[in-house]
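Participant: Whatever this is, show me its structure:
(2 chains)
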Amino acid sequence: MKTGIPKLSSMIKHDIQDGKILLITSPLGIDVSVFAKQIAYTNLKEGKKVSYLILNKTPSNLIESIKKFDWDQKAIENLKIIDGFSSTIGLPPETAHFINATKVEESIEKIKQIVSIESSDMLVVEDISDLICKNEKWIEGLNALKVLPISRILVFTDLGLQPDATKTVIDSSEYVLKISVVEERLLLKNYYHIVKAPEEFDRKKVPFRVSGSGISIYVPKILITGPFHAGKSTFIRKLSNNSVSVDRMGTTIALDHGYIEGNGLVVDLFGTPGQERFDFMLDILNADTFGVILIVDSTNPGEFERAKTMLEKVGGYGIPFVVAANKQDMEGALDPEKVKEELGYEEADVIPTVAIKGIGVTETLQKLIDKIVGGE
Amino acid sequence: MFKEKLEEILSELAGTGEIEASAVVRRDGLMIESNLPSKINSKTIAAITAALVGTSETSTKELELGEFMQVMVESELGKIIAVGAGKLAILVSLVKPQASLGFVLLSMERAAKKIREISEG
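Facilitator: Okay, the predicted model is just below:
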């Protein structure tokens, strides 16, 4: 089954197997239902039949929250919602399918019926903790649902109140995706990572943000550095949807800034000046860098020492970095292997680029992103 | 949550009637919170504000002029004023051309002090 969540299938080496349970868990305070919505939507778009049991808001509120994304509205209309909320506040159900979650056995029978009537390929439940709050019997009741032969996506806000319940819920799921939030020096960083899967998996944390298109990998800062006239500003211009440069007389004097948004990826790029007299800008820009692209002019090995110094100055040895061997189209350009050798970076990835023609720039960024978040 | 507190500080500044919009940015150029109009690219503003304050502070230091206080950019249609708000943050405001400068600076200093307290605990 596809999830539409960036990197997820490469983290677990292949797609999530059909008919299994994926638990999406988070501490209180983060709304992670967007993960469930994105998976539901991805499958609807593929023509799959998805039922969505909603327990913490009305079906109309759910639809409203899904329609906020710039997704294909027609696909969303095929979502079959099971109203598990209205009955709890004494309102008539909004949809043809509904349950009263305080009655566990009855609800389980009803869910089984609905799934069979609709011949659903997938059942989404938002949120397991609402079920358990209504009736503790649900902890076992969830096991009864295990016999359903379809994929299930369970959202679970871990209130931390019932460690037993948490354990049971995690034990009975084949896949567990954990969402976490870290507050660091005025920045909120959201991450997701796999904590359980039937086969081998990658534990790397993926930074993300939620925007109009759904969940994207979010890398708030990549530094582009390198000696004078290596092609840093050009590189950023070619890579970005939108960029600015504080430059005078053809050289960057303060910084370049650009950002990329699309294909499940949001990245902010910060370009440094190359000339030594502006090195104080390196100190201003270098905090909390996720990765560095070091750009060198392949025709000018005389500047490679300077390049190495710059990488050191921005803390490059400790964080993921890649080297762009630029100006490959020019006469006398050293090939990437030779550049690597001259730099003395035996382990480094060196990618051939012609920034001015946009050749190799996307590959360079992709290589760095893979290093940051893991992947193929 | 610090985000709500910062939002409140920024809307208080807007409430003075002299400031069009403001932003709290990190000293290394990342946006933290702003009420800039959506047509303005706030990520870029964050990056260049950090450069503006960073270069100004460096100038102050190199010229041995004591402590850096603020940077003010006067333009045809208004002023940009940026002040430090602790070790991590900068407060930048877009000020109306006819605004009373003393009052604006005082409001910004007060706000900057609150931001410092929030960010450094």
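
Participant: So which other helices or strands are in contact with the lowest-mean-pLDDT helix or strand in chain A?
Facilitator: The least trusted helix or strand in chain A, going by mean pLDDT, DSSP states H and E, turns out to be helix A:138-145, with a mean of 79. Judged by 3 or more Cβ pairs under 8 Å, 6 or more residues apart in numbering or on different chains; DSSP states H and E, helix A:138-145 is in contact with helix A:104-117, helix A:128-134, helix A:163-171. (Glycine included, C-beta is placed from N, CA and C.)

Participant: can I assume A:Asp279 is in contact with A:Lys313?
Facilitator: Yes: counting by Cβ atoms under 8 Å, A:Asp279 does reach A:Lys313; the two are 6.8 Å apart.

Participant: which residues of the stretch 201-350 of chain A fall in strands?
Facilitator: Per DSSP state E, counting those that start in this stretch, the stretch 201-350 of chain A carries strands over the ranges A:206-211, A:214-225, A:242-248, A:251-262, A:265-271, A:291-297, A:321-326, A:350-352.

Participant: out of these, nearest to B:Ala50?
Facilitator: With Cβ to Cβ as the criterion, B:Ala50 lies closest to strand A:251-262 of those, at 8.1 Å.

Participant: hmm, the closest one in reach of chain B?
Facilitator: Yes: against chain B, strand A:251-262 shows contacts by Cβ under 8 Å from any Cβ of the partner chain at A:Ala254, A:Leu255, A:His257, A:Tyr259.

Participant: Neighbours of the first one, how many?
Facilitator: For A:Ala254, the count of nearby residues is 23 (other Cβ atoms under 10 Å in any protein chain shown).

Participant: What of the third one?
Facilitator: A count of nearby residues for A:His257, using other Cβ under 10 Å, gives 27.

Participant: Which pLDDT value goes with the residue nearest the centre of chain A?
Facilitator: By Cα atoms, centre = their mean, chain A has its centre lying nearest to A:Ile217, at 3.4 Å. You'll see A:Ile217 listed with a pLDDT of 93.

Participant: How about the contacts made by A:Gln73?
Facilitator: Taking Cβ atoms under 8 Å, 6 or more residues apart in numbering or on different chains as the criterion, A:Gln73 is in contact with A:Lys67.

Participant: ok, it to A:Ser213 distance?
Facilitator: According to Cβ to Cβ, to the nearest Å, A:Gln73 and A:Ser213 sit 14 Å apart.

Participant: Just the C-alphas of the worst-scoring helix or strand of chain B on mean pLDDT, formatted as PDB.
Facilitator: One helix or strand of chain B scores below all others by mean pLDDT, DSSP H and E: helix B:42-62, with a mean of 91. Provided in PDB are the C-alpha atoms of helix B:42-62 (Å, rounded to 0.1, in the frame of the first residue of the first chain):
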ATOM      1  CA  SER B  42       9.000  36.600   5.100                       C
ATOM      2  CA  LYS B  43      11.700  34.000   4.700                       C
ATOM      3  CA  THR B  44      13.800  36.400   2.700                       C
ATOM      4  CA  ILE B  45      13.100  39.200   5.200                       C
ATOM      5  CA  ALA B  46      14.400  37.000   7.900                       C
ATOM      6  CA  ALA B  47      17.700  36.200   6.000                       C
ATOM      7  CA  ILE B  48      18.400  39.800   5.100                       C
ATOM      8  CA  THR B  49      17.500  41.200   8.500                       C
ATOM      9  CA  ALA B  50      20.000  38.900  10.100                       C
ATOM     10  CA  ALA B  51      22.600  40.200   7.600                       C
ATOM     11  CA  LEU B  52      21.600  43.800   8.300                       C
ATOM     12  CA  VAL B  53      22.000  43.400  12.000                       C
ATOM     13  CA  GLY B  54      25.000  41.200  11.800                       C
ATOM     14  CA  THR B  55      26.900  43.600   9.600                       C
ATOM     15  CA  SER B  56      25.900  46.600  11.700                       C
ATOM     16  CA  GLU B  57      27.000  44.900  14.900                       C
ATOM     17  CA  THR B  58      30.300  44.000  13.200                       C
ATOM     18  CA  SER B  59      30.700  47.700  12.100                       C
ATOM     19  CA  THR B  60      30.100  48.900  15.600                       C
ATOM     20  CA  LYS B  61      32.600  46.500  17.000                       C
ATOM     21  CA  GLU B  62      35.300  47.200  14.400                       C
END
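
Participant: Buried ones in it, by neighbour count?
Facilitator: B:42-57 (16 or more other Cβ atoms under 10 Å in any protein chain shown).

Participant: Could you list which of these also contact chain A?
Facilitator: Near chain A, by the rule Cβ under 8 Å from any Cβ, you find B:Lys43, B:Thr44, B:Ala47, B:Ile48, B:Ala50, B:Ala51, B:Gly54, B:Thr55 out of the buried residues of helix B:42-62.

Participant: Check the spacing between the third one and A:Gly258 real quick.
Facilitator: Read it as B:Ala47. 9 Å.

Participant: Show me the common contact partners of the two, please.
Facilitator: A:Val244.

Participant: residues from chain B in reach of chain A?
Facilitator: Counting by Cβ under 8 Å from any Cβ, chain B sits next to chain A at B:2-3, B:24, B:26-30, B:32, B:41, B:43-44, B:47-48, B:50-51, B:54-55, B:58, B:88-89, B:119.

Participant: And the pLDDT for A:Ile153?
Facilitator: At A:Ile153, the pLDDT recorded in the model is 93.

Participant: Neighbours of it, how many?
Facilitator: 27.

Participant: just the angle between the helix or strand containing it and helix A:163-171, please?
Facilitator: A:Ile153 is part of strand A:151-158 when elements are defined by DSSP states H and E. Angle of strand A:151-158 versus helix A:163-171, following axes from the mean of the first three to the mean of the last three Cα atoms, to 10 degrees, is 150 degrees.

Participant: which other helices and strands contact strand A:151-158?
Facilitator: strand A:21-27, helix A:33-45, strand A:122-126, helix A:128-134, helix A:163-171.

Participant: Any idea which of the strands of the stretch 201-350 of chain A gets closest to B:Leu63?
Facilitator: Short answer: strand A:251-262, nearest of the strands of the stretch 201-350 of chain A by Cβ to Cβ, at 18.1 Å.

Participant: How about that closest one, which residues are buried there?
Facilitator: A:Thr252, A:Ile253, A:Ala254, A:Leu255, A:Asp256, A:His257, A:Gly258, A:Tyr259, A:Ile260, A:Glu261.

Participant: and if you look at stretch A:177-194?
Facilitator: Judged by neighbour count (16+ other Cβ under 10 Å), stretch A:177-194 contains these buried residues: A:Leu177, A:Lys178, A:Ile179, A:Arg185, A:Leu186, A:Leu187, A:Lys189, A:Asn190, A:Tyr191, A:Tyr192, A:His193, A:Ile194.

Participant: from memory the fifth one sits against B:Ile90, does it?
Facilitator: No: checked against Cβ under 8 Å, the pair A:Leu186 and B:Ile90 is beyond contact range at 10.9 Å.
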